[in-house]
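>>> The following block contains a protein sequence and its predicted model.
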Amino acid sequence: MRPLLRSSLGVLPFLGSHSATESRVITQAGLPTYPRKMMHYQTEERGQLNSPNYRMYFKNSEGKYISPFHDIPLFTEAQQDSDVPPKKLKKIENQQLYNMVVEVPRWSNAKMEIATKEPLNPIKQDIKKGKLRYVANVFPHKGYIWNYGALPQTWEDPNHTDKDTKCGGDNDPIDVCDIGSMVCSPGQVIQVKVLGILAMIDEGETDWKVIAINTEDPDAENLNNIDDVRKSRPGHLEATVDWFKKYKVPDGKPENQFAFDGQFKDKDFAIKTIKSTHEHWRALVQKKTNGGEIECKNISVCASPFKCSVDETRDVVQSAPASGSTLPVSPEVDKWYFL
């Protein structure tokens with residue numbers, strides 16, 4: 001069976017390589033989406049979806065296998081991209097944009113994540129106690145209530161004690177909640193505007209949750225900070241805190257706690273935190289700090305001793321199980337919990 005390729009703009013049948021410089025407009029959820037040089041990535045699925053052996057690997061516009069953790073840049077250069085229409089340029093000028101790797105689409109339950117301890121860091125489904133992990137539907141929330149993912153080239157260093165939370169990092173890229181209205185696809189790479197941040201304390205670790213919005217969202221122009229979210233989407237931030245507080249309770253765990261009394265910090269604080277985790281990542285891939293079991297294989301990071309050849313990355317993917325049919329999901333995933 002031929003592998004299914006997905007682009008950062010959605011699903012593509014296997015038709016060979018696709019140029020990142022294509023100027024055609026692809027319609028997504030009724031909105032024009034403009035391919036950009038930095039944003040055009042494909043994914044290749046291996047194994048069987050809904051099984052422990054499922055992996056989603058990433059390719060760049062040249063068809064080379066890459067790590068979404070290390071090879072996709074954190075900061076975008078959309079303002080300087082000649083493929084961006086003038087109206088888009090006006091809307092996002094003076095805004096620092098970030099690349100977000102979508103791991104989990106809104107309303108879905110499978111806890112998909114970048115595999116930080118595997119070569120090339122594919123997306124896979126988390127496993128706990130030998131079972132695939134799904135988040136529970138805690139009324140009134142159905143699965144994840146945003147597109148959930150991570151900012152590449154960031155790392156929450158467990159050896160670094162945050163001066164505000166007094167806890168170390170959770171050993172993962174920093175998490176992002178895209179509050180836009182579109183439902184994204186796993187592996188999609190989108191550009192987001194950062195609006196604020198929430199500091200969750202998960203089993204004694206700092207687990208930052210960046211609040212952001214997809215720049216392609218019709219509301220993106222009007223949402224520039226956390227106060228804009230409070231005004232235009234009443235109840236959404238409260239629902240976010242409620243979701244993170246309770247989502248592990250059906251698994252028999254206590255409610256999660258938060259720094260700052262569960263209050264969201266503003267955009268400036270969020271950007272400062274992101275830059276800090278970016279510096280921790282830089283130290284990680286340059287082997288200036290102990291990353292433990294974190295896998296840092298990459299093809300593009302300057303001065304990284306973990307930089308490898310295209311042949312090596314190809315060998316990693318070819319050693320993974322061949323793609324197969326999707327397996328059924330247990331009806332238990334659709335169960336509702338009333339807490």
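Happy to help now that I have it. Residues are numbered from 1 along each chain as shown.

>>> I'd like to know which elements the longest strand seen in the chain is packed against.
Of all the segments of type strand in the chain, defined by DSSP state E, the longest one is strand 189-202. Counting contacts by 3 or more C-beta pairs under 8 Å, 6 or more residues apart in numbering; DSSP states H and E, strand 189-202 is packed against strand 97-104, strand 175-178, strand 205-214, helix 226-232, helix 236-246, strand 257-258, helix 267-285. Quick note: C-beta positions are derived from backbone N, CA and C, even for glycine.

>>> what angle do that strand and helix 267-285 make?
Between the axis of strand 189-202 and that of helix 267-285 there is an angle of 90 degrees, by axes from the mean of the first three to the mean of the last three C-alpha atoms, to 10 degrees.

>>> want to try TSV for the helices and strands packed on strand 189-202, with mean pLDDT and distance to residue 310 as columns?
As requested, those are exported to TSV (pLDDT from 0 to 100; distance: least, C-beta to C-beta, whole Å):
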stretch	mean pLDDT	distance to residue 310
strand 97-104	98	21
strand 175-178	98	29
strand 205-214	98	31
helix 226-232	97	42
helix 236-246	98	40
strand 257-258	98	44
helix 267-285	98	18
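
>>> As TSV, the ones you listed with mean neighbour count and distance to residue 321 would be great.
Shown next, in TSV, are the helices and strands packed on strand 189-202 (neighbours: other C-beta atoms under 10 Å; distance: least, C-beta to C-beta, whole Å):
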stretch	mean neighbour count	distance to residue 321
strand 97-104	25	20
strand 175-178	26	28
strand 205-214	24	31
helix 226-232	15	42
helix 236-246	17	33
strand 257-258	18	39
helix 267-285	19	28
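
>>> nearest to residue 337, of these?
Nearest of the helices and strands packed on strand 189-202 to residue 337, taken as C-beta to C-beta: helix 236-246 at 8.4 Å.

>>> Could you tell me how far the closest one lies from the centre of the chain?
Distance of helix 236-246 from the chain centroid (C-alpha atoms, centre = their mean, to the nearest Å) equals 19 Å.

>>> In stretch 317-327, which residues are buried?
Neighbour counts over stretch 317-327 (16 or more other C-beta atoms under 10 Å) mark 317, 320, 323 as buried.

>>> of all the residues you listed, which comes closest to residue 137?
Closest to residue 137, out of all of those and judged by C-beta to C-beta, is residue 323, at 29.0 Å.

>>> Count the residues that sit near the residue nearest to residue 104 when sequence neighbours are not counted.
Distances taken as C-beta to C-beta, 6 or more residues apart in numbering put residue 148 closest to residue 104, at 4.2 Å, once the chain neighbours are dropped. As a burial measure, residue 148 scores 24 neighbours (other C-beta atoms under 10 Å).

>>> Direction included, what does whichever helix or strand residue 148 is part of pair up with?
Using DSSP states H and E, the element containing residue 148 is strand 147-150. Paired with strand 147-150 in the same sheet, following DSSP bridges, are strand 97-104 (antiparallel), strand 175-178 (antiparallel).

>>> If the residue nearest to residue 104 is in a bridge, with which residues?
Beta-bridge pairing of residue 148 under DSSP bridges involves residue 104, residue 177.

>>> Report the separation between it and residue 186.
Residue 148 sits 10 Å away from residue 186, going by C-beta to C-beta, to the nearest Å.

>>> tell me, what's touching the two both at once?
102-104 (C-beta atoms under 8 Å, 6 or more residues apart in numbering).

>>> Can you lay out those as CSV showing distance to residue 295?
Putting the shared contacts of residue 148 and residue 186 into CSV (distance: C-beta to C-beta, whole Å) gives the following:
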residue, distance to residue 295
102, 21
103, 17
104, 21
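
>>> which among these gets closest to residue 122?
Nearest to residue 122 among these is residue 103, at 11.0 Å by C-beta to C-beta.

>>> Just to check, that closest one is in contact with residue 188?
No: look at residue 103 against residue 188 with C-beta atoms under 8 Å: they stay out of range, at 9.6 Å.
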